[in-house]
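Chemist: Here is a sequence together with a model predicted from it:
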Amino acid sequence: MGNKLAKHTKMKQKKRIAIIGSTGSIGRQALDVISQHEDILSAEVLTANSSWEELVRQALKFKPNCVVIANKDYYSDVKQALKDTDTKVFAGSESINDVVQLDCVDVVLTAVVGFAGLRPTVKAIESGKTIALSNKETLVVGGEYISRLALEKRVAVLPVDSEHSAVFQCINGEYDNKIKTIYLTASGGPFRQMSREQMREVTLAQALKHPNWSMGPKVTIDSASMMNKGLEMIEARWLFGVEPKDIKAVVHPQSIIHSMVEFEDGSLKAQLGVPDMRLPIQYALTYPERLPNNSKPFNPFEQSMLTFEKADTERFPCLRLAYYAAEKGGNLPAIMNAANEVAVQAFLEEKIRFTQIADIIEKAMSSFCFVQNAGLEDYFATDRQVREELQKQL
């Protein structure tokens, strides 16, 4: 069997990957996956916001066709550092929108955090590129538009988040069998057993200490507030065509079961594995193949207990707000997302308390103009308006 697999993979044409946000947590782990499978994967495009030194290190190792540094202040530094290589250097966010459309790219991994991932994802879909989606905000804000565009362009949108990858793997081969319920598992974060009153006093350092996963600061805070699970619920709605009421968040502290799917006959499928993002990243990049990797395998004999708890929307109101935004639709998810990004940044800068994140989001959702039949430009206008107004206040 091993020889047959090796022969088969060698015959396959390389998949050429553009990583949008290569210096972040997902981007770095994606490059680790690529380094393990250089016979079938190559890093053709790498982009970063301001981490120019890490971008240069990556470019020197992986020798991509081109790199983009979004912050133009560092263009000359990157250009100088790569002057003796064949790698082309560009700068600015518009350049990111351009490079995802290059002919040398087959798959675009959107690994940036936040609303910034929407525009390059749209451009990549318009160019017919397969999308490996790690940027959940793309579907949170523009899910209806993105779903319609991907269908029109016949583009596959493959999930990278561990929860959505788990659902995708569970429904693979089920064809038209109807999904009854999707259970998105959540670790519960560092404040799983705290009261709302206790959470008022938590520090930034406490919020950044996730019990199971190693993630960037914004995603880690979203996990602590359970907004991350709310964002994932909206993303799952569009990825799998399921109504919000049929997607349930369940707290699973061990983070071994990454999600579960219940079908109409009552059968339940679950995908299990160690908490390692390289597994879902590799599945998205090599789909439909399953290839060996260096990740630690899950050993069921080392796991004495798997437990589940109902998600508490009273202690974690961000989850409740996300369900409301999903049900209301229009530009309300865009309002919620922008308010969350501004509030999380304010908390990271220690300008507000942890519990104020939800307060700021809820106020924004009731204050800004609601647009029921929102289009792509409405999403951008809403995002800009909410950010500008809240940043003045904070």
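Modeler: Received, thanks.

Chemist: pretty sure residue 130 is touching residue 105, no?
Modeler: No - look at residue 130 against residue 105 with CB atoms under 8 Å: they stay out of range, at 9.4 Å. (Each C-beta comes from the backbone N, C-alpha and C, glycine too.)

Chemist: what about the helix or strand containing residue 165, distance to the chain center?
Modeler: Assigning secondary structure by DSSP states H and E places residue 165 in helix 162-171. Centre-to-centre, helix 162-171 and its host chain are 13 Å apart (CA atoms, centre = their mean, to the nearest Å).

Chemist: try stretch 379-394
Modeler: With CA atoms, centre = their mean, you get 22 Å for stretch 379-394.

Chemist: what mean pLDDT does that stretch have?
Modeler: Mean pLDDT, computed over stretch 379-394, is 96.

Chemist: Likewise for stretch 131-144?
Modeler: Mean pLDDT, stretch 131-144: 96.

Chemist: just stretch 184-202 next, same as before
Modeler: 94.

Chemist: List the buried residues of that stretch.
Modeler: 184-192, 199, 202 (16 or more other CB atoms under 10 Å).

Chemist: Check the residues you listed and tell me the two furthest apart.
Modeler: Using CB to CB, these span at most 23.8 Å, a distance reached by 184 and 202.

Chemist: For the stretch 101-250 of the chain, which segments are assigned as helices?
Modeler: 118-126, 137-153, 162-171, 196-199, 204-207, 217-225, 227-240 (DSSP state H, counting those that start in this stretch).

Chemist: quick check: angle from the third one to helix 137-153?
Modeler: Looking back up the chat, that one is helix 162-171. In terms of direction (axes from the mean of the first three to the mean of the last three CA atoms, to 10 degrees), helix 162-171 departs from helix 137-153 by 40 degrees.

Chemist: low-scoring stretches of the protein, by residue?
Modeler: 1-12 (pLDDT under 70).

Chemist: now, of the helices of the stretch 101-250 of the chain, which is deepest in the fold?
Modeler: helix 227-240 (a mean of 25; mean count of other CB atoms under 10 Å).

Chemist: Which neighbouring elements make contact with it?
Modeler: Packed against helix 227-240, as judged by 3 or more CB pairs under 8 Å, 6 or more residues apart in numbering; DSSP states H and E, are the following elements: helix 137-153, strand 157-159, helix 162-171, strand 179-186, helix 217-225, strand 247-251, helix 317-328, helix 332-348.

Chemist: Switch those over to JSON lines; also include distance to residue 361.
Modeler: Below are the helices and strands packed on helix 227-240 laid out as JSON lines (distance: least, CB to CB, whole Å):
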{"stretch": "helix 137-153", "distance to residue 361": "13"}
{"stretch": "strand 157-159", "distance to residue 361": "24"}
{"stretch": "helix 162-171", "distance to residue 361": "21"}
{"stretch": "strand 179-186", "distance to residue 361": "18"}
{"stretch": "helix 217-225", "distance to residue 361": "9"}
{"stretch": "strand 247-251", "distance to residue 361": "17"}
{"stretch": "helix 317-328", "distance to residue 361": "6"}
{"stretch": "helix 332-348", "distance to residue 361": "4"}
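
Chemist: Quick one: closest of those to residue 55.
Modeler: Among these, if distance is taken as CB to CB, the winner is helix 217-225, at 18.8 Å.

Chemist: Just checking the distance from that closest one to the centre of its chain.
Modeler: That offset, for helix 217-225, works out to 12 Å (CA atoms, centre = their mean).

Chemist: what's the angle from that helix to helix 317-328?
Modeler: Using the same axes, to 10 degrees: helix 217-225 against helix 317-328 is 100 degrees.

Chemist: I'd like to know which elements helix 217-225 is packed against.
Modeler: Counting by 3+ CB pairs under 8 Å, 6+ apart, helix 217-225 packs on helix 204-207, helix 227-240, helix 332-348, helix 356-367.

Chemist: quick one: residue 302 from residue 255, how far?
Modeler: Computed as CB to CB, to the nearest Å, the residue 302 to residue 255 distance reads 14 Å.

Chemist: So the two - more neighbours on which side?
Modeler: Per other CB atoms under 10 Å, whichever of residue 302 and residue 255 has more neighbours is residue 255, with 18 against 7.

Chemist: I'd guessed the more buried one sits against residue 192; true?
Modeler: No - proximity of residue 255 to residue 192 does not meet the contact threshold set by CB under 8 Å, at 11.7 Å.

Chemist: on that earlier part again, specify the stretch among the helices of the stretch 101-250 of the chain that is closest to residue 329.
Modeler: Of all those, it is helix 137-153 that lies closest to residue 329, at 7.7 Å by CB to CB.

Chemist: that older thread, distance to residue 30 added to the helices of the stretch 101-250 of the chain, as CSV?
Modeler: Compiled in CSV, the helices of the stretch 101-250 of the chain are given as follows (distance: least, CB to CB, whole Å):
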stretch, distance to residue 30
helix 118-126, 15
helix 137-153, 17
helix 162-171, 13
helix 196-199, 33
helix 204-207, 26
helix 217-225, 15
helix 227-240, 18
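
Chemist: mind checking which of these is nearest residue 331?
Modeler: It is, among these and with distance given as CB to CB, helix 137-153, at 8.3 Å.

Chemist: now residue 259: how far from residue 183?
Modeler: 6 Å.

Chemist: Who has more neighbours out of those two?
Modeler: residue 259 (27 against 21).
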